[in-house]
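Participant: Predicted coordinates and the sequence they were generated for:
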Amino acid sequence: MTKLEYIAKELTARRQTITTAESCTGGLLAAELTSIAGSSAYFQRGFITYSNQSKTQMLTVNANTIRHYGAVSEETAREMALGALVATRNDYALSITGVAGPDGGTEKSPVGTVWFGFATKQRIWAKMHRFEGDRNQIRHQAVQYALAILEHYLKTSEK
């Protein structure tokens with residue numbers, strides 16, 4: 001069973017839902033989560049917040065957070081996940097914000113830097129990972145990493 005099949009089966013069995021808040025992946029995570037028939041049982045909507053303005057408007061990310069820490073940061077990833085969770089009242093929210101390249105990297109956040117936020121009704125956390133490859137490869141690796149985060153959580157949490 002693939003990680004996506006496991007996620008779909010678990011979320012459906014638990015009657016739980018997930019939402020996504022994506023920046024650099026531009027909806028690829030939502031597309032992956034809905035690629036399985038019956039996905040409406042666990043997925044109702046996602047947010048593509050590519051610009052800083054969309055992050056503040058749609059997900060209520062604080063503009064000062066972006067200004068102080070940057071769009072590609074732990075703080076922004078956490079606020080994106082929380083904003084998506086609050087807006088949808090789902091059980092889980094996954095956020096992705098990063099630099100897919102080939103331009104846009106900085107010394108602090110070089111190309112391939114991606115922050116992931118994960119929110120439940122009890123907890124919010126974020127994790128950074130650096131990926132190698134071209135823009136397309138980085139985006140697809142980020143989606144798989146986000147799915148791995150969700151799969152791990154579902155396997156280690158109580159049903």
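Facilitator: Happy to help now that I have it.
Participant: Check which residues of stretch 146-159 are buried.
Facilitator: Using 16 or more other Cβ atoms under 10 Å as the test for burial, stretch 146-159 gives 146-147, 149-151, 153-154. The way it works is simple: take the backbone N, C-alpha and C, and place the C-beta from them, glycine included.
Participant: er, stretch 27-41 I mean
Facilitator: Across stretch 27-41, burial judged by 16+ other Cβ under 10 Å covers 28-30, 32-34, 36, 39.
Participant: Between the two ends of it, how far is it?
Facilitator: The straight-line separation of the ends of stretch 27-41 (Cα to Cα, to the nearest Å) is 19 Å.
Participant: SS state for residue 81?
Facilitator: At residue 81 the chain is in helix, as set by DSSP: H, G, I helix; E, B strand; the rest coil.
Participant: hmm, I was thinking of residue 105
Facilitator: What three-state DSSP gives for residue 105 is coil.
Participant: Equivalent analysis for residue 95, please.
Facilitator: strand.
Participant: and residue 119, that's in a strand?
Facilitator: Yes: Residue 119 forms part of a strand when assessed by three-state DSSP.
Participant: can you map out the helices along the chain?
Facilitator: 3-14, 28-33, 52-59, 63-69, 74-88, 135-156 (DSSP state H).
Participant: So what touches the fifth one?
Facilitator: Taking Cβ atoms under 8 Å, 6 or more residues apart in numbering as the criterion, the residues outside helix 74-88 that touch it are 17, 19-21, 23, 44-47, 49, 55, 58-62, 65-66, 68-70, 90, 92-97, 115-121, 124-126, 128.
Participant: repeat that with 6 Å
Facilitator: With Cβ atoms under 6 Å, 6 or more residues apart in numbering as the contact definition, helix 74-88 has outside contacts at 19, 21, 47, 59-61, 65-66, 69, 93, 95, 97, 115, 117-119, 124, 126.
Participant: Of these, which count as buried by neighbour count?
Facilitator: Of those, these count as buried by 16+ other Cβ under 10 Å: 19, 21, 47, 59, 61, 65-66, 69, 93, 95, 97, 115, 117-119, 124, 126.
Participant: Pick out the residue closest to the middle of this structure.
Facilitator: Geometric centre of the chain, nearest residue: residue 95, 2.3 Å, by Cα atoms, centre = their mean.
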